Every structure is written in structure tokens, then in C-alpha cells.
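>>> Here is a sequence with its predicted model. Questions after.
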Number of protein chains: 4
Amino acid sequence: MPLTRFSVSLDDALPHRFDTRIHGDRCPTRSKAVADLIRASLVQMEWSEGDEVAGAIVLVYDHHRRNVVKKIMDAQHVCHTAIISTQHVHPDHDNCIEIVAVRGKPSEIAAVARRLRAIKGLKHVSVAAGTTGRMLS
Amino acid sequence: MPLTRFSVSLDDALPHRFDTRIHGDRCPTRSKAVADLIRASLVQMEWSEGDEVAGAIVLVYDHHRRNVVKKIMDAQHVCHTAIISTQHVHPDHDNCIEIVAVRGKPSEIAAVARRLRAIKGLKHVSVAAGTTGRMLS
Amino acid sequence: MPLTRFSVSLDDALPHRFDTRIHGDRCPTRSKAVADLIRASLVQMEWSEGDEVAGAIVLVYDHHRRNVVKKIMDAQHVCHTAIISTQHVHPDHDNCIEIVAVRGKPSEIAAVARRLRAIKGLKHVSVAAGTTGRMLS
Amino acid sequence: MPLTRFSVSLDDALPHRFDTRIHGDRCPTRSKAVADLIRASLVQMEWSEGDEVAGAIVLVYDHHRRNVVKKIMDAQHVCHTAIISTQHVHPDHDNCIEIVAVRGKPSEIAAVARRLRAIKGLKHVSVAAGTTGRMLS
């Protein structure tokens, strides 16, 4: 992929502190570290005003709760346009962790999370705010 | 599961506003809404001072980048004790979304995310801060 | 102020863990702890879809930078409808911390923060997302 | 202040999108925009593992509540080493907004916020995570 090169002027102490951080994070180059910050800021903007984001919704529930599995399944079908696939983990005898890969408008993702959270028996819902990567390439 | 019942006194306007919110979220009962807030606050505490959390790390990368797939695989093996499984999505010709189910100490999860983010070709890393559900049941 | 009393049913282990947290936070009663969670969730909603919020914008800058003080003053006058008052602290010889009390629509507060952040010489801008308290009483 | 100049290589589309954002934010130069991202990331790190941060704690309370003003005053004196000064605003007949300028270890600031939040009559506490600016110059 073609690269664009530009130069940045920083107050004297800043590059030093930035390098300390980069080194602590084992990030290979300053360019990668700067690009990561820029990309993260763009993805944050996508989630507030963009057209399409991607990410994961993590559900935790007790599968012994009456109908909870069926309700989660039903809710996911209602929201199927924003849901790509799911991954299921059994952390112990009672609890399930279900990770739902999602893609769509930020408001759609929020609606999916809200609908799932409302299900009786759902204990916790968390969201990873990622990206499709399209606008970053 | 046995239930504990306790009563709460709130300033007069608060239950009304809370009910409006509960209704907007289609949450079935006040008890569920209060329990959800309590659980969310406990999970937040788990992530700052707890022993074990669970969640998802969402990676976005261009699989054409040299060695990026191999490096991600290697890094995941180094961190295999905190990684449960992965789920892979192809949003377009170039980009990959990989969702890594994780479980461990909050500091371990942070270390996994940091190590993955440092890989050249990785465009974005986001984390969903979930729970194993053990402390919530 | 008149109080409304209602009762909540929680899974057995939850009240115990909640009480541990309440005790650690020295919160006087369960009712206060529940009310705090409800209020915090309502304030969070105010910041995403409400009409009026309040809070503080914290600016950090080097007052030796040319014209920075004048530019901050000018920017604050442009945004004067959202700005109530300011408080100024001198952490060392070079740096200034200025805390701007703000009130208005969430989008107005965001615009004030963005405008201030754009000033050359401004090092850091952070926002405390508070409330006027009107909807909580 | 002396400047350090370094150059950054970014994938081709990234600078364009970054420039769009910079322009939308009225940020004067790419260098300022990059420096702002670097500084924000360093301040975030200060709050998780640094020795000294600064910021504001915003309190909202009903001053009619019995003893609330006295309790807030007492709590602030107990925490006086982390508290620099306060600013007070009256948004309406009942509510007070008090903005407390703070400086100290991140754990101290958290303890001050926790102690204030525990006071009966306190409706809401929010924190702006700023910096003394020392490590940024």
C-alpha cells in the first residue's frame, strides 16, 4: 500500500515521553504509534457520527433461566441484519458467555445491545467498539 | 434461584424518571433494571480490582500485510492461558475482524490487548469488558 | 422532600456483594446506593439525548505561549452562553489549569471543548459530565 | 520552547481522513493534532499509573438537605491535601453545583470522589481527568 510521509514538530520533552510509552508497549515504530492514535480517534468518531461500525457484544447469562436461550435467539433473529455470527463459551456450570459479532450503524448496534439487555435472565452486556477497517485503509 | 427482597426509598421524582427510562429500554421490571445497574457497577469494580474477568478483544487488520496473520497467531499462543477461542469475520476483500474471547486477571487481558496492538499491520484493537458471571449469581 | 418506597427482588448473592461494595464506599444506606446508580444512569442518558447538562471543562496550558491567554478569553466570550464562570490554578511556573463551569445542550458543551482544544498552546482538555440536578429532584 | 521534528509514514488514505477531522475541529496544524493525541494518551496513562494528576470533581446537591453543606465542607477538609480550591454555581432554587479543583495521586483523587459521593444529599459526582501539565512540557 502506498505510504504518505509527513513531518511533525513537538515540544522537546514530548517525543521522549512518547518514546518511553512506545517502548513499554513494544510498539515497533513511532509511525505505527502515531497511526494507531490517529486510527483510534477516527474509530471513536465513527461511533458518534459514522455510517457503519463493527464490533462485539458480549452477553453473560445463566442458561438455567427459563426461556432465556430462546429469547436471546429470538432477539438476535429480529436484529439479524446487524448480527454477523456468534461465539459461545461456557465459563462454568451455570453461566454462558456469548459473543455476538455485529456490524451496522452505531444506533443499530446500540439498539441490539439494548434489546438483548432487556431479556430477563441476561446478567451483563458489554460492547467492544471496533471498526470494519474500511475507512482506515 | 432464591431471591432476596429489600425495599428502597427514593426522592419522589426519581422513580418516575427511572420508569420512563425502563419503559424506553423495554426492561420488564424495576427489579431487573436495578439489578442490571448493580451488576454493571460490580463488573466495573471487577475490572479495576478483581481477580478474574472475561470479555472480548476485537482486532481489525489487513490480511495482505506481510506476516500479520502469523504474528497474530504467535502472539495468541504466547497469551494462550488468557485466550479461550476466536471468531473470524471478513468485512471486505482486505480487512479481517477477529474476535478473541478472553478470560483472566484484568492485567492479563490488558497485556494481551497491548501485545496484539503492537503488531505491525494491526489497525485497531477494542475491548468489551464483560464478566464470567460467577460473582453475579 | 416526599419519598417513594418500592421493593426490589434480587438473586440471592447479589445483595451481599452489593453490601460489601456499599460498605467499602462508606455509603450510608442501600437506598442511597441504589439512588446513586439510578441518578448516574439518568445523567449518562442526559448527555446522550438530553436538553441541558452541566459540568466542568478543565484546560491545561502554558501561559508563556504567545497569545494563548487572549485566545482562550476570546473563545470563551464566543461561547459565553454555555459558560458560567471559571476558576484558575497555577500548578507551577509555566502551567495553568483553568476550570470552566459550563451549562447547556450536550452538543454546545462539546462545541466549547472542541473550540478550546483547537487553540495553539492548549495542552489538554478534559470534561466532567455532570448535571444541573433539575431532573434528579 | 525547543521543538523536535520527526517524520511519520502513514497508509495513504489515513492522512486524508485525519485532515478532514482536523479541519472539522478547526485544529490549526497536523503537528498540533498529533501532539494533542500524544498528550491525551500520556494523560490517560498518568491516571492509571502516574504519580500526580490534576482535574476537577463536580458535585451536585440540594442545599436544603439537612447538614449536606456542612458535611461537604468537613469532607473537603479531611481531604485538604488533594483539594486546591472550589467554585460554586447556583443552577436553580434548590440545586448547587460545586466544582472542586484537585491535584494528587490518582488513588487520592478517587478517594476524595468516593468520600464526597457517600454524603447523604449528594446527587451526583463526576470527574474531569486532567493533568498538571508538568509531564507535557
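Yep, that arrived.
>>> Check for me that residue A:14 belongs to a helix.
Yes. Judged by DSSP: H, G, I helix; E, B strand; the rest coil, residue A:14 forms part of a helix.
>>> Distance of it relative to residue C:124?
Between residue A:14 and residue C:124 the computed distance is 12 Å (C-beta to C-beta, to the nearest Å). Bear in mind the C-beta positions are built from the backbone N, C-alpha and C, glycine included.
>>> Next: residue A:50.
Following C-beta to C-beta, the distance that separates residue A:50 from residue C:124 is 25 Å.
>>> Which one of these two is surrounded by more residues?
Applying other C-beta atoms under 10 Å in any protein chain shown to residue A:50 and residue C:124 shows that residue C:124 carries more neighbours, namely 23 against 16.
>>> Contacts only, for that one.
Contacts for residue C:124 were tallied using C-beta atoms under 8 Å, 6 or more residues apart in numbering or on different chains; they are C:58, C:59, C:60, D:39, D:40, D:43, D:130, D:131, D:133, D:136.
>>> Please state the backbone phi and psi of it?
phi -160, psi 140 (degrees, to the nearest 10).
>>> Identify, by residue count, the longest helix of chain A.
The single longest helix within chain A, with elements called by DSSP state H, is helix A:30-49.
>>> Number of residues surrounding residue A:131?
28.
>>> any weak-confidence spans in chain A?
A:1, A:137 (pLDDT under 70).
>>> Now do the domain split for it, please.
A:13-49, A:53-136 (automatic domain parsing).
>>> Nearest to residue C:88 among those would be which one?
Proximity to residue C:88 (C-beta to C-beta) singles out domain A:13-49 among these, at 23.8 Å.
>>> returning to what we had before: go through the domains of chain A and pick out the most buried.
Greatest average neighbour count among the domains of chain A goes to domain A:53-136 (a mean of 19), per mean count of other C-beta atoms under 10 Å in any protein chain shown.
>>> end-to-end on that one?
12 Å (C-alpha to C-alpha, to the nearest Å).
>>> what's the offset of that domain from the middle of its chain?
12 Å (C-alpha atoms, centre = their mean, to the nearest Å).
>>> Strands along chain A, start to end?
Using DSSP state E, the strands of chain A run over A:3-11, A:53-62, A:83-89, A:95-104, A:122-130.
>>> does chain D sit close to the first one?
Yes. Strand A:3-11 comes into contact with chain D when judged by C-beta under 8 Å from any C-beta of the partner chain, the residues involved being A:3, A:4, A:5, A:6, A:7, A:8, A:9, A:10, A:11.
>>> Show me which residues of chain A are close to chain D?
Going by C-beta under 8 Å from any C-beta, the residues of chain A near chain D are A:1-15, A:17-18, A:21, A:30-31, A:34-35, A:37-39, A:41-42, A:45, A:135-137.
>>> could I get the strands of chain A as CSV with distance to residue C:88?
Formatted as CSV, those follow (distance: least, C-beta to C-beta, whole Å):
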stretch, distance to residue C:88
strand A:3-11, 22
strand A:53-62, 39
strand A:83-89, 51
strand A:95-104, 45
strand A:122-130, 35
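>>> hmm, back to that, for the domains of chain A, please prepare JSON lines with the additional fields distance to residue B:104.
As requested, these are exported to JSON lines (distance: least, C-beta to C-beta, whole Å):
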{"stretch": "domain A:13-49", "distance to residue B:104": "19"}
{"stretch": "domain A:53-136", "distance to residue B:104": "11"}
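>>> which of the residues of strand A:3-11 next to chain D are buried?
Listed as buried from the residues of strand A:3-11 next to chain D are A:8, A:9, A:10, A:11; burial here means 16 or more other C-beta atoms under 10 Å in any protein chain shown.
>>> I'd like these laid out as CSV, including distance to residue B:71.
Shown next, in CSV, are these (distance: C-beta to C-beta, whole Å):
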residue, distance to residue B:71
A:8, 27
A:9, 32
A:10, 29
A:11, 34
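>>> now, the most widely separated pair of the residues you listed?
A:8 and A:11 (11.2 Å).
>>> hey, what's in contact with both of these two?
With C-beta under 8 Å, 6+ apart as the test, residue A:8 and residue A:11 both reach residue D:35.
>>> Off-centre distance for the longest helix of chain A?
13 Å.
>>> check whether it contacts chain C.
No. Helix A:30-49 is not in contact with chain C by C-beta under 8 Å from any C-beta; minimum separation 9.3 Å.
>>> Over to stretch A:126-133?
No. Using C-beta under 8 Å from any C-beta, stretch A:126-133 never reaches chain C; the gap is at least 14.0 Å.
>>> wait, residue A:111 sits on residue A:79?
Yes. Under the criterion of C-beta atoms under 8 Å, residue A:111 makes contact with residue A:79 at 7.2 Å.
>>> mind checking which of the strands of chain A is nearest residue C:92?
That would be strand A:3-11 among the strands of chain A, by C-beta to C-beta, at 15.2 Å.
>>> Cool, thanks, signing off.
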